[in-house]
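Enquirer: With the input below, show me the fold.
(one chain, ligands or ions: 1)
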Amino acid sequence: MKWKIANVEIDNQIVLAPMAGVCDSAFRSIVKSMGCGLIETEMVSDKAIMYGNWKTKEMLYMTDYERPISQQILGSDIKSLTFASKYIYENTNVDIIDINMGCPVTKVTNRSKAGSALLKDPFKVKSIVESIVESVATPVTVKIRSGWNKNSINAVEIARIIEEAGASAITVHPRTKDQGYSGKADWTIIKEVKENISIPVIGNGDVKSCFDAKRMIDETDCDAVMIGRAALGNPWLIKESVDYLENETLPSEITIEERIEMLKRHVNLLVENKGEAFAIPKMRTHAAYYAKKLPRTIELKQQIFKMNTKEDLFNLLDDYLDSL
Ligand SMILES: Cc1cc2nc3c(=O)[nH]c(=O)nc-3n(C[C@H](O)[C@H](O)[C@H](O)COP(=O)(O)O)c2cc1C
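Expert: Got it, this is the predicted structure:
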């Protein structure tokens with residue numbers, strides 16, 4: 001089903017979650033080839049953009065193929081967040097700017113007072129959103145958690161503030177900062193947020209199959225479903241979810257050969273985009289995710305982590321296939 005975030009048309013209800021260290025252009029292209037409706041980048045730091053950090057600026061690389069695409073920014077200072085948003089708007093083809101108000105990492109929340117720490121400061125949330133909305137012409141969205149801890153669940157209050165401040169959509173990952181990634185995402189909070197605001201709500205958390213994606217929409221009435229961890233090393237989940245939501249098509253089995261082929265394609269894209277030296281650590285990370293769905297996972301992962309070149313990795317994968 002088509003839907004919109006302000007003027008941005010989105011072909012279906014599946015959204016790729018922003019994931020630091022993994023959602024680079026190579027992974028996003030793979031996910032796009034699976035038909036993902038909206039793709040979100042990994043987060044970039046506002047201050048790093050403001051101070052001209054070249055590595056961060058390289059992270060802004062995106063292709064038109066990946067569009068519609070949402071770039072996520074992280075920060076807590078209104079001036080630098082606004083500066084960074086403007087920079088992204090003026091220097092990329094981004095369709096949406098998303099503000100991270102969910103990151104639970106202690107360094108981010110305690111030292112920078114960013115990510116989910118902002119949930120404790122509704123006035124600041126309002127000022128940040130208003131300022132960014134005023135300074136860019138793209139829609140602005142915000143990704144939140146359910147609250148700081150179990151005694152301060154305030155997703156509905158924060159969502160209302162964000163809507164009033166002019167944001168065009170909200171993503172809800174219904175775990176508290178204290179929970180990190182433990183426990184279960186409480187989808188009833190997505191439903192509550194949806195009932196209390198008029199802008200689109202993207203539900204997120206623990207979607208591991210196309211059936212979960214459908215169940216999240218049925219149970220919460222959210223406008224779209226964001227998938228994160230379960231798509232790592234398993235981009236087919238995106239296509240399965242799109243197909244199941246659109247036509248109730250049931251997923252078919254992905255063969256070992258298809259998984260290895262996809263991993264090679266992924267590695268080739270990483271090397272094309274970043275050069276082999278830079279791509280190697282990423283290549284190992286992604287290869288380990290793909291290995292999770294392959295026989296003899298532990299042994300394969302251990303071998304993957306020893307690989308230092310693309311050629312070595314591809315030889316390892318060919319030998320592995322022959323040995324099955
Ligand atoms: C490796 C990793 C990196 C992440 N990086 C970000 C990030 O940069 N910004 C963000 O808002 N959330 C980030 N998240 C959280 C995910 O976007 C998502 O909210 C969370 O994983 C729950 O969804 P899931 O159950 O589908 O994985 C990250 C999660 C993981 C596992």
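
Enquirer: any idea of the mean pLDDT in stretch 54-64?
Expert: What stretch 54-64 shows for mean pLDDT is 94.

Enquirer: Ends of it, what's the gap?
Expert: End-to-end distance for stretch 54-64, by Cα to Cα, to the nearest Å: 21 Å.

Enquirer: does it come close to the ligand?
Expert: No - with Cβ under 6 Å from any ligand atom as the criterion, the ligand is not reached by stretch 54-64; the gap is at least 10.7 Å. Using the backbone N, CA and C atoms, a C-beta is placed for each residue, glycine as well.

Enquirer: in stretch 55-71, what's buried?
Expert: Buried residues in stretch 55-71, defined by neighbour count with 16 or more other Cβ atoms under 10 Å: Thr56, Met59, Leu60, Met62, Glu66, Arg67, Pro68, Ile69, Ser70, Gln71.

Enquirer: could you dump those to a markdown table with secondary structure?
Expert: As requested, these are exported to a markdown table (DSSP: H, G, I helix; E, B strand; the rest coil):
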| residue | secondary structure |
| --- | --- |
| Thr56 | helix |
| Met59 | helix |
| Leu60 | coil |
| Met62 | coil |
| Glu66 | helix |
| Arg67 | coil |
| Pro68 | coil |
| Ile69 | strand |
| Ser70 | strand |
| Gln71 | strand |
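
Enquirer: Now for the residues you listed: which two are most distant?
Expert: Thr56 and Pro68 (22.2 Å; Cβ to Cβ).

Enquirer: residues in contact with whatever residue of the chain ends up closest to the ligand?
Expert: Residue nearest to the ligand within the chain (Cβ to the nearest ligand atom): Gly228, separated by 2.8 Å. The neighbours of Gly228, taking Cβ atoms under 8 Å, 6 or more residues apart in numbering as the test, are Leu16, Ala17, Met19, Asn204.

Enquirer: Could you do Ser80 as well?
Expert: Asp46, Lys47, Ile49, Met50.

Enquirer: Over to Thr109?
Expert: By Cβ under 8 Å, 6+ apart, the contact set of Thr109 is Cys103, Gly115, Ser116, Ala117, Lys177.

Enquirer: which parts of the stretch 201-324 of the chain sit against the ligand?
Expert: Counting by Cβ under 6 Å from any ligand atom, the residues of the stretch 201-324 of the chain near the ligand are Asn204, Gly205, Asp206, Val207, Ile227, Gly228, Arg229, Ala230.

Enquirer: Any chance of the residues you listed in CSV with pLDDT as columns?
Expert: Shown next, in CSV, are those (pLDDT from 0 to 100):
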residue, pLDDT
Asn204, 98
Gly205, 98
Asp206, 98
Val207, 98
Ile227, 98
Gly228, 98
Arg229, 98
Ala230, 98
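
Enquirer: for the protein, what are the low-confidence residue spans?
Expert: Along the chain, no part satisfies pLDDT under 70.

Enquirer: Can you list the buried residues in the lengthiest helix in it?
Expert: Using DSSP state H to define each element, the chain has its longest helix at helix 256-274. Buried residues in helix 256-274, counting neighbours by 16+ other Cβ under 10 Å, are found at Arg259, Ile260, Met262, Leu263, Lys264, His266, Val267, Leu269, Leu270, Val271, Asn273, Lys274.

Enquirer: residue contacts, the fifth one?
Expert: Going by Cβ under 8 Å, 6+ apart, Lys264 touches Phe314, Leu317.

Enquirer: What distance do you get for it to Lys301?
Expert: Lys264 sits 17 Å away from Lys301, going by Cβ to Cβ, to the nearest Å.

Enquirer: number of nearby residues for the closest residue to Lys292 other than its chain neighbours?
Expert: Nearest non-adjacent residue to Lys292, counting by Cβ to Cβ, 6 or more residues apart in numbering: Gly233, 5.5 Å away. Other residues within reach of Gly233, judged by other Cβ atoms under 10 Å, total 23.
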